[in-house]
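**Q** make a model of this:
(one chain, ligands or ions: 1)
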Amino acid sequence: MLKIINPANGLLIKTIETDTSESLAHKFNQLKNGKKDWQNVPITDRIAILTKWKELLIHHKQELASILTQEMGKPIKQALAEIEAIANITTEWFCKNTQRYLMDEIVHDTNEWYEKIVYEPKGVICHISAWNYPYSVGANVIVPGLLAGNAIMYKPSEYTTLTGLKIQELFYQAGVPQSAFQIAIGAQPVGEALLSLPFDGYYFTGSSKTGKFIYEKVANKLVTCELEMGGKDPVYICEDIKNIDEVVAVTADGAFYNTGQSCCSVERIYVHEKIYDDYVRRFVQEVKRYKMGDPTKDDTYLGPLSRQQQLTVLEKQVKDAVDKGATVLCGGGIATVQHQPQIHAGGYFFEPTVLVNVTQNMSVMREESFGPIVGIAKVATDTEACSLMADTEYGLTAAVFSDNQTRALKILQQLEVGTIYHNCCERVKPWVPWSGRKQSGIGHVLSSIGIRALTKPKAYQFKK
Ligand code: NAD
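**A** Okay, the predicted model is just below:
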């Protein structure tokens, strides 16, 4: 049985029965037996069904957002923003563009030869997912996956099970047959059970540790396994920025949005020494303005952490940093009701925390924090900034804020990351690929590349 807990107060929402090996095998067989039927549905009809799903998301957005807020603590406005973006931007883009990227590509047509590439669906795909953006990380694979003609087994995170069940309900309501979409309910044991079923491909979004475990486990099947994993994303603020207040607002939001629980959250900030003091002072002012508390309230910006155990991880990072010489400029610990009367006693709240005098040997500058905490360090040159930004085992995103695009690009192009940002950060769009390098992952979602990754391209070589 799975206990669904509200992280804002630690109270039980409900208990749900989890899948067993037998029920998973049954669901898998439904998908295996039904995949041809779904493939045979014309793509225009599949687009119409996914368009209907998009409309249902918008129609039910208040109810969906309040479920998400209740089970993972995402502030209600941010929950609504996630659902609206997935419906109106991501799903809309996939519905408009998937067909053209999956058209047969005639690559050679002469008197003698006719050769083309045909994008066949992979078959039955298993998608094991994270909780922090369940609509995004779910839809990034499921929507183009279904459009491309695959059947999908989706395992939502155990922290967003109720959201997963709603996603499934609305897919069925939109017309996706049960033989094309199923969900697996449960935590790690259910995830592991999925690894022994003969899927035609795996997608995983979650921590690097779990991703590498999954990669090894499924290696023997010789099917593709795409991994979207953690990050320790750096930002460098050059001294030539025009509007320091705007850069402070954007970078603080990049660090603290979703209570710092984004894969591409700003986790390390390097600031040129010429503007360092000014930037830090304004940054702390901005963070102190953030309202933490009841995530169901419209004006709440910081909610609880979704997982109680992360409170200890953050406490340890702060202690390690302070022991090694860092200074806490705001926050620094678990939020107590005594200091923050607006929060509930049983909730998993951590104070928004800004650390300075940080160095690369501190865990807060090396290990993913995944919470409302950020370290800011002073640098003297672009070369120093570039080398500190590169000093990580992760490779998801990196950002430079500068009035000079050539200068920013010179730094960013040297970094081994999947996404580079100039004058922006913590941003994902469906028309560009999303991918990690190094310990942040392998493979792609989103864009034409992510759509085609959901297929098995077949070469046709015909002699005339
Ligand atoms: P997690 O690794 O704990 O769990 C992810 C999923 O894997 C869950 O569904 C979980 O039940 C399942 N799982 C856990 N152990 C398993 C096992 N042994 N075998 C099979 N399945 C297993 O990660 P999380 O806490 O859910 O997510 C947070 C992490 O996800 C962060 O590191 C974050 O950076 C990362 N993330 C990355 C992206 C990206 O696009 N790169 C997006 C969102 C989140």
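**Q** for the stretch 51-200 of the chain, which segments count as helices?
**A** Taking DSSP state H, counting those that start in this stretch, the helices of the stretch 51-200 of the chain run over residues 61-72, 76-85, 92-101, 134-147, 161-174, 188-195.
**Q** of those, which is nearest residue 416?
**A** helix 134-147 (22.3 Å; C-beta to C-beta). Bear in mind the C-beta positions are built from the backbone N, C-alpha and C, glycine included.
**Q** do the host helix or strand of residue 250 and the ligand come into contact?
**A** Here residue 250 is covered by helix 244-256, with elements defined by DSSP states H and E. No: Helix 244-256 lies out of reach of the ligand by C-beta under 6 Å from any ligand atom, never closer than 13.9 Å.
**Q** packing partners for that helix?
**A** strand 233-237, strand 266-272, helix 276-289, strand 397-401 (3 or more C-beta pairs under 8 Å, 6 or more residues apart in numbering; DSSP states H and E).
**Q** make it 10 Å
**A** strand 233-237, strand 266-272, helix 276-289, strand 353-356, strand 373-379, strand 397-401 (3 or more C-beta pairs under 10 Å, 6 or more residues apart in numbering; DSSP states H and E).
**Q** among the ones you listed, which is the most enclosed?
**A** Neighbour counts (mean count of other C-beta atoms under 10 Å) averaged over each of the helices and strands packed on helix 244-256 peak at strand 397-401, with a mean of 28.
**Q** can the helix ranked longest in the chain be said to contact the ligand?
**A** As assigned by DSSP state H, the longest helix anywhere in the chain is helix 21-40. No: shown here: helix 21-40 not in contact with the ligand (C-beta under 6 Å from any ligand atom), separated by at least 12.0 Å.
**Q** what does the chain have sitting close to the ligand?
**A** So the chain meets the ligand at 128-133, 137, 155, 157-158, 187-188, 191-192, 195, 205-207, 210, 213-214, 228-231, 263, 368, 370, 396, 434, 436, 441 (C-beta under 6 Å from any ligand atom).
**Q** give me the buried subset of these.
**A** 128-133, 137, 155, 157-158, 191-192, 195, 205-207, 210, 213-214, 228-231, 263, 368, 370, 396, 434, 436, 441 (16 or more other C-beta atoms under 10 Å).
**Q** for the ligand, what is the nearest residue in the stretch 251-400 of the chain?
**A** Residue nearest to the ligand within the stretch 251-400 of the chain: residue 263 (3.1 Å; C-beta to the nearest ligand atom).
**Q** who's in contact with that residue?
**A** Residue 263 makes contact with 130, 132-133, 136-137, 205-207, 228-231, 233, 368, 370, 394, 396-397, 426, 428, 434, 436, 440-441, according to C-beta atoms under 10 Å, 6 or more residues apart in numbering.
**Q** can I assume it sits in a strand?
**A** No: using DSSP: H, G, I helix; E, B strand; the rest coil, the secondary structure at residue 263 is coil, not a strand.
**Q** residues in contact with residue 317?
**A** Contacts of residue 317 (C-beta under 10 Å, 6+ apart): 326, 353, 355, 362-369, 371, 373, 375.
**Q** find me the pLDDT at it, would you?
**A** pLDDT, residue 317: 98.
**Q** now do the one 10 residues further on
**A** The predicted local distance difference test score for residue 327 is 98.
**Q** what sits closest to residue 456 if chain neighbours are left out?
**A** residue 120 (5.0 Å; C-beta to C-beta, 6 or more residues apart in numbering).
**Q** what's the burial count for that neighbour?
**A** 14 (other C-beta atoms under 10 Å).
**Q** again, but for residue 138
**A** Residues near residue 138, counting by other C-beta under 10 Å: 25.
**Q** go on, residue 380?
**A** So residue 380, with other C-beta under 10 Å, has 11 neighbours.
**Q** and the closest residue to it other than its chain neighbours, how far is that from residue 328?
**A** Spatially, and ignoring its direct neighbours in sequence, residue 380 is nearest to residue 273 (5.4 Å; C-beta to C-beta, 6+ apart). Counting by C-beta to C-beta, to the nearest Å, the gap from residue 273 to residue 328 is 21 Å.
**Q** so between these two, which is more surrounded?
**A** It is residue 328, of residue 273 and residue 328, that has more neighbours when counted by other C-beta under 10 Å, with 17 against 12.
**Q** quick check: that one is in a strand.
**A** Yes: Residue 328 forms part of a strand when assessed by three-state DSSP.
**Q** so what's the nearest residue to it once chain neighbours are set aside bridging to?
**A** Spatial nearest neighbour of residue 328, excluding adjacent residues (C-beta to C-beta, 6+ apart): residue 355 at 5.9 Å. Beta bridges link residue 355 to residue 328, residue 375 when assigned by DSSP bridges.
**Q** tell me which residues touch residue 355, please.
**A** Residue 355 neighbours (C-beta under 10 Å, 6+ apart): 317-318, 321-322, 326-332, 362, 364-365, 373-377.
**Q** number of residues surrounding the residue nearest to residue 345 when sequence neighbours are not counted?
**A** Closest residue to residue 345 apart from its sequence neighbours, by C-beta to C-beta, 6+ apart: residue 337 at 5.1 Å. Residue 337 is flanked by 13 other residues according to other C-beta under 10 Å.
**Q** tell me which helix or strand residue 337 sits in.
**A** Residue 337 belongs to no helix or strand, assigned by DSSP H and E.
**Q** pLDDT score assigned to it?
**A** Looking at residue 337, the pLDDT reads 83.
**Q** got the phi and psi for it?
**A** The phi/psi pair for residue 337 (degrees, to the nearest 10) reads phi -60, psi -30.
**Q** wait, it sits on residue 344?
**A** Yes: using C-beta atoms under 10 Å, residue 337 is in contact with residue 344, at 7.4 Å.
**Q** can you give me the end-to-end span of stretch 52-67?
**A** Taking C-alpha to C-alpha, to the nearest Å, the first and last residues of stretch 52-67 lie 21 Å apart.
**Q** which parts of that stretch are buried?
**A** Counting neighbours by 16+ other C-beta under 10 Å, stretch 52-67 gives 52, 53, 54, 56, 57, 60, 61, 64, 65, 67 as buried.
**Q** ok, the fourth one touching residue 176?
**A** No: at 11.1 Å, residue 56 does not count as touching residue 176 under the criterion of C-beta under 10 Å.
**Q** joint contacts of those two?
**A** residue 170.
**Q** quick check, residue 257 in contact with residue 374.
**A** No: using C-beta under 10 Å, residue 257 is not in contact with residue 374, being 11.8 Å away.
**Q** overlap of the contact sets of these two?
**A** The contact lists of residue 257 and residue 374 share 265, 266, where a contact means C-beta under 10 Å, 6+ apart.
**Q** what residue of the chain is the furthest out?
**A** Centroid-distance maximum for the chain: residue 111 at 48.8 Å, with C-alpha atoms, centre = their mean.
**Q** tally of neighbours for the closest residue to it other than its chain neighbours?
**A** Spatial nearest neighbour of residue 111, chain neighbours left out: residue 464 (6.6 Å); criterion: C-beta to C-beta, 6+ apart. Here the count is done by other C-beta under 10 Å, and residue 464 has 8 residues near it.
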